[in-house]
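Q: Give the three-dimensional model of this entry:
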Amino acid sequence: MPEGNGFTLLEMLIVLVIVATLAMVAVPGYLQPMHRVEATQAGACLLELASRLERYRLSEGDYEGFAIDAADVACEARLADRYRFEAGVPGEMGWAVTTTDPVAWQLRVRADGFEAGMGSDRDCRALVVRDDGQRGVMIDTSGGVVTDAGWLRRCWR
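A: Modelled structure (predicted):
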């Protein structure tokens, strides 16, 4: 049987296994910084929404009825496929896309599925900003907010 100049099937399979292994190692190393950048952008967008909410109060007289989707914030639309922006009342568990209290508010941003853009673990549920300027991190599903600076840095750089 004459020998050809091509590759054997076994050689091709070995090359494919090596390439797949390299891709499995390289892709997470590339995606992690990208998620951190998006998380930082989401945090900045949350602060921009808070600013728009304050302007809404100045024009309307109170906070009730501010719709996040209608706030015309470009970053919210750009991040909408990965992050969810919501409004609530401090001390209450409910979250919606419209503010319901005339005198108090809190806004939060959370990644869809919780893992995108967050810290290295899944403890970082959402970033929260309140009407008194307080920022915090929701670290579990109970709705409690931790205001420790270490948690803020760990979850939302």
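Q: Need phi/psi at the most centrally placed residue in the chain.
A: When Cα atoms, centre = their mean is applied to the chain, the residue found nearest the centroid is residue 111 (3.6 Å). Backbone torsions for residue 111, taken as degrees, to the nearest 10, come to phi -80, psi 140.
Q: Same question for residue 107.
A: Per degrees, to the nearest 10, the backbone of residue 107 is at phi -120, psi 150.
Q: which ones are touching it?
A: 46, 49-50, 53, 68, 85-88, 128-129 (Cβ atoms under 8 Å, 6 or more residues apart in numbering). C-betas here are computed from N, CA, C, even on glycine.
Q: any idea which helix is longest in this protein?
A: helix 9-60 (DSSP state H).
Q: if we can go back for a sec, quick one: the residue nearest to the centre of the chain and residue 41 touch, right?
A: No - judged on Cβ atoms under 8 Å, residue 111 makes no contact with residue 41 at a distance of 11.7 Å.
Q: Residue 91: which element?
A: Using DSSP states H and E, residue 91 is not contained in any helix or strand.
Q: Look at it and report its pLDDT.
A: As predicted, residue 91 sits at a pLDDT of 82.
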